[in-house]
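Participant: okay, structure incoming, though there's no sequence with it:
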């Protein structure tokens, strides 16, 4: 079977990691070219919140995979 019984943990780890990396990337390196109506930079509070939630999800999934 594709992914086996741990497929949900792998998916949570991937989505959480992507959420954390993307949010931190939006804070550290905002886009250079902006369209009309775009913000100058990402909202700091919301981006940090998303990064923390994504990191917690990825770490929880990793602990679930390692712990068995």
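Facilitator: All right, it came through fine. Since this is a predicted model, take the numbers as computed values, not measurements. Numbers count the residues shown, from 1 in each chain.
Participant: could you find the closest non-adjacent residue to the most centrally placed residue in the chain?
Facilitator: When C-alpha atoms, centre = their mean is applied to the chain, the residue found nearest the centroid is residue 19 (1.4 Å). Leaving aside its chain neighbours, residue 19 sits nearest to residue 54 (3.0 Å; criterion: C-beta to C-beta, 6 or more residues apart in numbering). Backbone N, C-alpha and C define where each C-beta goes, glycine included.
Participant: so the one you found is in contact with residue 20, correct?
Facilitator: Yes: checked against C-beta atoms under 8 Å, the pair residue 54 and residue 20 is within contact range at 3.5 Å.
Participant: let me see the ranges of the strands in this structure.
Facilitator: Applying DSSP state E to the chain gives no strands.
Participant: contacts only, for the residue nearest to residue 19.
Facilitator: By C-beta atoms under 8 Å, 6 or more residues apart in numbering, residue 54 lies in contact with 15-23.
Participant: could you do residue 51 as well?
Facilitator: 19-20, 23-24, 27.
Participant: now, among those, which is nearest to residue 42?
Facilitator: residue 27 (5.7 Å; C-beta to C-beta).
Participant: next one: the closest one from residue 46, what distance?
Facilitator: Distance of residue 27 to residue 46, computed by C-beta to C-beta, to the nearest Å: 10 Å.
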